[in-house]
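Trainee: Let's see this in three dimensions:
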Amino acid sequence: MQFNRLLKIIFFNKISILLLIILACFSIFYALIVANTNGSMDFPYSPTKIFIDKINPYEYFLYSEDLSRIIGVQYPVYAHATFILFSPFSYFEWDISRASWSIINVLLGLLCSYIFLKKAEINKLEFIFLICIFCISTPFRNCIGNGQLSFLILLCFSAYLINNIYLKSFLVGISYIKYSFMPIMAFSIYLRDGFKQLFISGLFCFIGWIIFSFYLSQNIFDTLFQPIMVALNGFDSTLTRGDLYTILSNIFKINNSFAIILIIFLITFIFSKNLSKINDELLVINLMLIVSLFTFGHLIYDYVVLFPALIYSFKNLKFLRAKISFIIVLYFWFGIRIIERIKMIITETSVIIPTTFDIILNFFLLIILYFLNRNLKSNSLLRFNLNP
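Mentor: Sure thing, here's the model as predicted:
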């Protein structure tokens with residue numbers, strides 16, 4: 001029996017769909033509880049409050065001996081514009097702010113899924129099925145529970161579907177606040193639409209940098225590279241899942257972070273050049289997000305950006321490559337956490353740190369996922385044609 005036919009028999013009936021909806025609602029409810037009890041530790045609330053109080057949050061993190069004003073691990077690892085974007089939250093108490101952001105985060109996740117599913121022209125039943133799978137996934141809950149920005153980044157990438165080139169460039173550029181997703185989008189915009197559109201895409205972060213500097217009465221050149229310095233110091237690389245940066249720094253022990261970034265930029269540019277030849281916008285977004293995941297370090301919540309890959313695979317499920325791609329996405333959404341839970345039971349520990357084997361395995365699975373999606377409509381696993 002064919003995989004897609006078996007899938008439809010198991011899941012595409014009223015009872016299964018109802019069960020999935022219940023599980024999805026429970027998953028969202030559980031994530032909201034985590035976010036509003038001991039979670040929201042990645043929500044940039046405390047560095048934004050520090051900024052509103054006219055203290056440079058990057059310098060506070062890098063040079064202060066007392067970091068008591070930072071809640072949990074809310075380190076200022078994002079671009080300057082982040083603090084302007086999130087400044088409204090700073091005028092409320094912590095509990096109100098994190099409750100508001102957790103609800104907004106859920107809405108962002110649902111909005112992202114709606115936009116991509118509408119673009120893919122998925123029918124109503126499959127629409128519900130895929131949204132439920134998305135909501136049940138570990139990265140979905142983790143993103144809400146941690147107060148992460150990954151849904152916002154995914155929403156920015158969805159702006160790539162907008163026809164107005166100026167509006168598209170500006171909106172996708174908001175994703176630059178999270179640097180690990182920036183290179184592939186910036187290179188792709190430059191190669192496809194030229195320097196003018198690249199400049200427009202950088203306006204949000206550029207204006208944010210200028211406002212940040214003038215608000216704090218600091219030299220713009222002094223503040224320019226501070227977010228990168230904090231990111232290199234504040235990011236927990238021991239929890240990354242499978243990327244080239246982690247492999248080069250932690251496994252091959254290359255100590256020069258800027259040399260590694262230069263290597264990654266070069267590799268990303270090569271992929272971007274190939275992507276610039278593709279006309280299918282949904283496929284381009286899909287591939288850009290996969291490239292982002294296997295180049296720079298990402299924690300498990302960032303795998304929510306594999307949703308376009310799940311849609312693209314599901315829509316072409318009659319092909320062998322699509323079936324394998326679908327399974328790989330499910331592995332990143334469910335398999336990693338299931339394996340970790342089993343390890344935690346066996347070792348009687350509360351936290352599992354990804355091993356070298358885990359990192360290399362996940363890295364190669366993402367590479368495979370990229371090439372499968374690059375030529376998805378095929379039953380051959382040996383032919384990897386890079387032409388559109």
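
Trainee: How about the contacts made by Ser378?
Mentor: Going by Cβ atoms under 8 Å, 6 or more residues apart in numbering, Ser378 touches Phe319, Leu320, Arg321. Any C-beta I mention is one placed from the backbone N, CA and C, and that applies to glycine too.

Trainee: burial count for Pro88?
Mentor: Pro88: 11 surrounding residues under other Cβ atoms under 10 Å.

Trainee: Report the buried members of the contacts of Ser378.
Mentor: Using 16 or more other Cβ atoms under 10 Å as the burial test, these include Phe319, Arg321 as buried.

Trainee: So which of the contacts of Ser378 is the closest to Gly39?
Mentor: Closest to Gly39 out of the contacts of Ser378 is Arg321 (37.2 Å), distances taken as Cβ to Cβ.

Trainee: on that earlier part again, any chance of the contacts of Ser378 in JSON lines, plus secondary structure, pLDDT and distance to Phe265?
Mentor: Output for the contacts of Ser378, formatted as JSON lines (DSSP: H, G, I helix; E, B strand; the rest coil; pLDDT from 0 to 100; distance: Cβ to Cβ, whole Å):
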{"residue": "Phe319", "secondary structure": "coil", "pLDDT": "90", "distance to Phe265": "33"}
{"residue": "Leu320", "secondary structure": "helix", "pLDDT": "90", "distance to Phe265": "34"}
{"residue": "Arg321", "secondary structure": "helix", "pLDDT": "93", "distance to Phe265": "29"}
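
Trainee: what about Leu224, how many neighbours?
Mentor: Other residues near Leu224 number 12, with proximity taken as other Cβ under 10 Å.

Trainee: Tell me where the model's unsure across the stretch 101-250 of the chain.
Mentor: Low-confidence segments of the stretch 101-250 of the chain (pLDDT under 70): 234.

Trainee: Just the helices from it, written as ranges.
Mentor: For the stretch 101-250 of the chain, helices defined by DSSP state H, counting those that start in this stretch occupy the ranges 124-136, 138-146, 150-158, 165-172, 182-193, 195-201, 203-215, 220-223, 226-234, 244-246.

Trainee: got a markdown table for those, with mean neighbour count too?
Mentor: Shown next, in a markdown table, are the helices of the stretch 101-250 of the chain (neighbours: other Cβ atoms under 10 Å):
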| stretch | mean neighbour count |
| --- | --- |
| helix 124-136 | 19 |
| helix 138-146 | 25 |
| helix 150-158 | 24 |
| helix 165-172 | 19 |
| helix 182-193 | 22 |
| helix 195-201 | 17 |
| helix 203-215 | 17 |
| helix 220-223 | 13 |
| helix 226-234 | 18 |
| helix 244-246 | 22 |
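
Trainee: want to throw those into CSV with distance to Leu299?
Mentor: Converted to CSV, the helices of the stretch 101-250 of the chain look like this (distance: least, Cβ to Cβ, whole Å):
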stretch, distance to Leu299
helix 124-136, 18
helix 138-146, 8
helix 150-158, 9
helix 165-172, 22
helix 182-193, 17
helix 195-201, 25
helix 203-215, 22
helix 220-223, 26
helix 226-234, 13
helix 244-246, 11
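
Trainee: which stretch among these comes nearest Asn256?
Mentor: Proximity to Asn256 (Cβ to Cβ) singles out helix 226-234 among the helices of the stretch 101-250 of the chain, at 11.1 Å.

Trainee: Alpha carbons of the closest one, in PDB - could you do that?
Mentor: What follows is helix 226-234, C-alpha atoms only, in PDB (Å, rounded to 0.1, in the frame of the first residue of the first chain):
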ATOM      1  CA  GLN A 226      28.100  45.000  19.700                       C
ATOM      2  CA  PRO A 227      25.200  42.600  18.900                       C
ATOM      3  CA  ILE A 228      27.700  40.200  17.200                       C
ATOM      4  CA  MET A 229      30.100  40.300  20.100                       C
ATOM      5  CA  VAL A 230      27.200  39.400  22.500                       C
ATOM      6  CA  ALA A 231      25.900  36.700  20.200                       C
ATOM      7  CA  LEU A 232      29.400  35.000  20.100                       C
ATOM      8  CA  ASN A 233      29.600  35.200  23.900                       C
ATOM      9  CA  GLY A 234      26.000  34.600  24.900                       C
END
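
Trainee: Many thanks, we can stop here.
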